[in-house]
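Asker: Got a sequence here, can you model it:
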Amino acid sequence: MSQEDSQPSFAEMINAALEHTIPVAHKMGVTALEARPGYARTRVPIEGNGNHFGVMYAGVLFTVAEVLGGIIPMATFDNSRFYPLVKDLQITFKRAAKTDVEAEAKLDEESIARIASAADANGKADFTLDAAITDAAGEVVATTHGIYQLRAHGR
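Answerer: Here you go, the predicted structure:
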């Protein structure tokens, strides 16, 4: 195995840090499955995250999608200069989730370039991120529309 093969993936680094950065998400079992510039996919188990009528609690569905707005910027932009924050997030519930769920979102190259340019010029840049949350059968159980901000440290 080469040294490069033994290096942890960005998703593995996010998962290792999650316990300290967002302890409640870690306790829910939220994990990053994939994280690369402009893209992230997360998962959360149904076990331990059910509500009083046996489906996934709404706040867990919110969380598995909301963290994408932190993961994507961390995988895409210079973390030594900028950090992400959520300004607004709307969730639309489509159907009950009775299984583990995954959430997925992406930013296209044009958006990435615009965000980077605005953040460099102004010390911050707003961006939108739409996510789909799917169950084990691939059915959409919820969608989110978020407004996030990439902000320079010290602002």
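Asker: Which residue ranges of this structure form strands?
Answerer: For the chain, the strands defined by DSSP state E cover 31-36, 39-44, 82-93, 101-106, 124-134, 140-152.
Asker: With distance to Val24 added, can I get the ones you listed in TSV?
Answerer: Just so you know, the C-beta spots here come from the backbone N, C-alpha and C atoms, and that holds for glycine as well. Shown next, in TSV, are the strands of the chain (distance: least, Cβ to Cβ, whole Å):
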stretch	distance to Val24
strand 31-36	14
strand 39-44	12
strand 82-93	14
strand 101-106	16
strand 124-134	18
strand 140-152	18
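Asker: would you turn the ones you listed into TSV with mean pLDDT?
Answerer: What follows is these, written out as TSV (pLDDT from 0 to 100):
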stretch	mean pLDDT
strand 31-36	95
strand 39-44	97
strand 82-93	96
strand 101-106	98
strand 124-134	97
strand 140-152	97
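Asker: what's in contact with stretch 66-77?
Answerer: 10, 14, 22, 25, 30, 32, 35-40, 42, 82-84, 86, 89, 103-107, 112, 115-116, 119, 129, 131, 144, 146, 148, 150 (Cβ atoms under 8 Å, 6 or more residues apart in numbering).
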